[in-house]
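In: return a 3D structure for these sequence lines:
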Amino acid sequence: MEASSQYVKHQWVALFAMLIFFFNSFLLPEGLTIVLLLTPIWMYFLYLQKRWAIAVCLLLPLLLYSIVHLFNGVNLYYYAISVAVLSCLILFTACCYYFVNSKIVDWDRIFRNIAILNFIFVLVSLPLLFIPALKPLVWYLKPISANITNIPRLKLFTEEASHYSYWLAPVAIYFYSKVLFFKPPKPFFTLFIISVPLLISFALGALSILVFSGLIIILIYSERIFSSKRKKYAFIATILILPAIMVIGYYAFPGNILFHRIHNIFNGSDTSVRGRTYESFILANKIIGQKSYLWGIGPGQLKLTGRNIILQYYQYVNIPPVVRIPNACAETIVYFGYIGLFARLFIQLFLFFKTSVSANPYRLWLFLFVFSFQFVGSYITNVAEYIIYIFVFSPVFPEFKKNHHQPVKTETSQSVFL
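Out: Have a look, this model is predicted:
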């Protein structure tokens, strides 16, 4: 009976994980997600598990900030809504942390199911390219850069292609790590169904960080990954040759979309990259200058205090209904000031050392990815970011540690090949 109960619990966790991964914001009004709609369930679970003390501790900094923001002056309606959203995410985080660290949940199986189902959805999405009415449901159709004809980019059921690649990153990193550290004889199918969706999303920001963080992992753990010095030297040679190949390709195929966008990035004409990087911090400083550099303007106040500043900066021809700061760190500065940014980075680095992230290559790769990405994108209510940090700071997947480099169960080692 107990085993049956544990199985049912695992199935419910797997169901919620799949639901949130694929459909968290699909067809919902902007700003509304399944995670927010299921807040009563998170509250009920915390009540059953008697974990309200943890939730209250997580909510306390938000309460203290509210005192300062209310004193400085805010629009109560927008402020209350934004604080409510952040509170719901904090409650979800407390629940998610419990299940990520629960022994009844088989995250290897969940990741495999997500990878397989994701690839099935990709295959189903391909015919929709030829159905104009349905194409926007799963393909991102907005221009990606200056003077580049519009090309469809896979987004599946998320808001845009970069969000989709961000959601898929922790699953991709998991299987890439399996291939690197367990050296399966035939990993090509796994690599194929994981890599193809990422590539056709054409989210250069996420893909670049994924690749560079992966290279760092390979360099750090080269002794474990490469069985001989010959293979290590071959890898180093490849890394040195790749830039030369890129330069040759750039001049040999100047009309290529990839190289054209890279050219736009380096000459400063790629508005997407500019808006997600240094321009976000320029705008953040202009906006908090209206209230407080230390404490920010408060959640929900951007549409009031910052809207005109953003519109004037970009000089829009067609004024958008909603304006954003598409950068998690810059958005933190806007809402919570430089004290908030310092707290954000301090907590991340403190937990990095406190939970010994560097001892586990999978968790370290995740950390390098999510920590870097916050400077070039994301946003403070990004559910995927909360989930990734929970995996980063939890003692999950111990098989990746050096003294546990071989899986204990044969089933686990075979299950990686989907």
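
In: neighbours around Tyr79, how many?
Out: Residues near Tyr79, counting by other C-beta atoms under 10 Å, number 19. From N, CA and C alone the C-beta is placed, and that goes for glycine too.

In: in space, what's closest to it - neighbours in sequence excluded?
Out: Once flanking residues are discounted, Tyr79 sits nearest to Gly300: 4.9 Å by C-beta to C-beta, 6 or more residues apart in numbering.

In: go on, Phe26?
Out: Nearest to Phe26 is Phe157, by C-beta to C-beta, 6+ apart, at 3.8 Å.

In: name the helix or strand for the one you found, please.
Out: Phe157 belongs to no helix or strand when elements are defined using DSSP states H and E.

In: what's it in contact with, if anything?
Out: Phe22, Phe23, Ser25, Phe26, Phe121, Leu137, Val138 (C-beta atoms under 8 Å, 6 or more residues apart in numbering).

In: nearest to Ile262, of the residues you listed?
Out: When the contacts of Phe157 are compared for distance to Ile262 (C-beta to C-beta), Val138 comes out closest, at 26.1 Å.

In: mind pulling the model confidence for that closest one?
Out: The model reports Val138 with a pLDDT of 94.

In: please apply the same query to Tyr389.
Out: pLDDT at Tyr389 comes out at 97.

In: pull the contacting residues for it.
Out: By C-beta under 8 Å, 6+ apart, the contact set of Tyr389 is Gln348, Val370.

In: do Val392 as well
Out: By C-beta under 8 Å, 6+ apart, the neighbours of Val392 are Leu351, Phe352, Thr355, Val357, Arg363, Leu366, Phe367, Val370.

In: next one: phi and psi at the third one?
Out: Put plainly, it is Thr355. phi -100, psi 10 (degrees, to the nearest 10).

In: from Cys329, how far out is it?
Out: As judged by C-beta to C-beta, to the nearest Å, Thr355 and Cys329 stand 21 Å apart.

In: who's more crowded, those two?
Out: Using other C-beta under 10 Å as the criterion, Thr355 and Cys329 rank with Cys329 on top: 21 against 16.

In: any idea how far the more buried one is from Ser280?
Out: Counting by C-beta to C-beta, the gap from Cys329 to Ser280 is 8 Å.

In: return the residues in contact with the residue most central in space within the chain.
Out: The chain has Tyr166 as the residue nearest its centroid, 3.8 Å off, counting by C-alpha atoms, centre = their mean. Residues in contact with Tyr166 (C-beta under 8 Å, 6+ apart) are Ala203, Ala206, Phe373, Gly377, Ser378, Asn382, Ala384, Glu385.

In: now do the helices in the stretch 251-400 of the chain.
Out: Applying DSSP state H, counting those that start in this stretch to the stretch 251-400 of the chain gives helices spanning 257-267, 271-276, 278-288, 307-314, 328-354, 361-373, 383-392.

In: tell me which of the ones you listed is the most buried.
Out: helix 361-373 (a mean of 24; mean count of other C-beta atoms under 10 Å).

In: who are the packing partners of that helix?
Out: Helices and strands in packing contact with helix 361-373 are listed as helix 161-182, helix 204-220, helix 328-354, helix 383-392; criterion 3 or more C-beta pairs under 8 Å, 6 or more residues apart in numbering; DSSP states H and E.

In: possible to save the ones you listed as a markdown table with distance to Phe189?
Out: Formatted as a markdown table, the helices and strands packed on helix 361-373 follow (distance: least, C-beta to C-beta, whole Å):
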| stretch | distance to Phe189 |
| --- | --- |
| helix 161-182 | 11 |
| helix 204-220 | 19 |
| helix 328-354 | 34 |
| helix 383-392 | 24 |
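
In: how about those, which one is nearest Ile287?
Out: The nearest among the helices and strands packed on helix 361-373, by C-beta to C-beta, is helix 328-354 at 5.3 Å.

In: quick one: list the elements packing against the closest one.
Out: Using 3+ C-beta pairs under 8 Å, 6+ apart: helix 328-354 touches helix 52-72, helix 278-288, helix 361-373, helix 383-392.

In: out of those, flag the one nearest Val35.
Out: Once these are compared by C-beta to C-beta, helix 383-392 is nearest, at 5.1 Å.

In: that closest one to helix 328-354, inter-axis angle?
Out: 10 degrees (axes from the mean of the first three to the mean of the last three C-alpha atoms, to 10 degrees).

In: just how off-centre is helix 383-392 within its chain?
Out: 8 Å (C-alpha atoms, centre = their mean, to the nearest Å).

In: one more: stretch 171-180?
Out: In terms of C-alpha atoms, centre = their mean, the centre of stretch 171-180 is found 16 Å from the chain centre.

In: tell me which residues are up against that stretch.
Out: Stretch 171-180 is contacted from outside by 111, 114-115, 118, 184, 187, 190-191, 194-195, 198, 210, 214, 217-218, 221, 225, 361-362, 365-366, 369, 397, 400, 416, using C-beta under 8 Å, 6+ apart.

In: ok, back up a step: and for the residue nearest to Tyr79, the neighbour number?
Out: By other C-beta under 10 Å, neighbour count at Gly300 equals 23.
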